[in-house]
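# Have a look at this fold, sequence not included:
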């Protein structure tokens, strides 16, 4: 990998700002909704906060694409941008996951397993799609 690409920090763009505004909106709306539905139960709030914090961390990580681990060799700037974009899209998906904590019955038993598998499958499809786009951008 080119040394210049390894140490790059991507600049703020209109796209990144849009992703950040959408993520902040999701976090605020979900936070209020989960708080109201859980009647302030600290266990539910703590469990719901973990994916929201992970989503925020992914959004910050998108500015330094070398921190994003993907099975591709980066050779140009466009590939770095796609790598960052993948982190932002995954951050939005991860931020939507706590919506299932609003009703604790949804995450108990078989429905919780199906929700977890579906969530993991969606993230995997996104990663596979972006790996394909990054390899295509060579």
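Structure's in. What do you need? Quick caveat: nothing in here was measured; it's all calculated off a predicted structure. Numbering: from 1, shown residues only.
# out of everything not next to it in sequence, what's closest to the residue nearest the centre of the chain?
For the chain, residue 91 is the residue whose C-alpha lies nearest the centre (Cα atoms, centre = their mean; 1.5 Å). Spatial nearest neighbour of residue 91, excluding adjacent residues (Cβ to Cβ, 6 or more residues apart in numbering): residue 58 at 3.8 Å. From N, CA and C alone the C-beta is placed, and that goes for glycine too.
# The one you found: what's it in contact with?
87, 88, 90, 91, 94 (Cβ atoms under 8 Å, 6 or more residues apart in numbering).
# rerun that using 7 Å as the cut-off
87, 90, 91, 94 (Cβ atoms under 7 Å, 6 or more residues apart in numbering).
# chain center to the helix or strand it falls within, what's the gap?
Under the criterion of DSSP states H and E, residue 58 resides in helix 42-61. Helix 42-61 has its average C-alpha position 10 Å from the chain's average C-alpha position, going by Cα atoms, centre = their mean, to the nearest Å.
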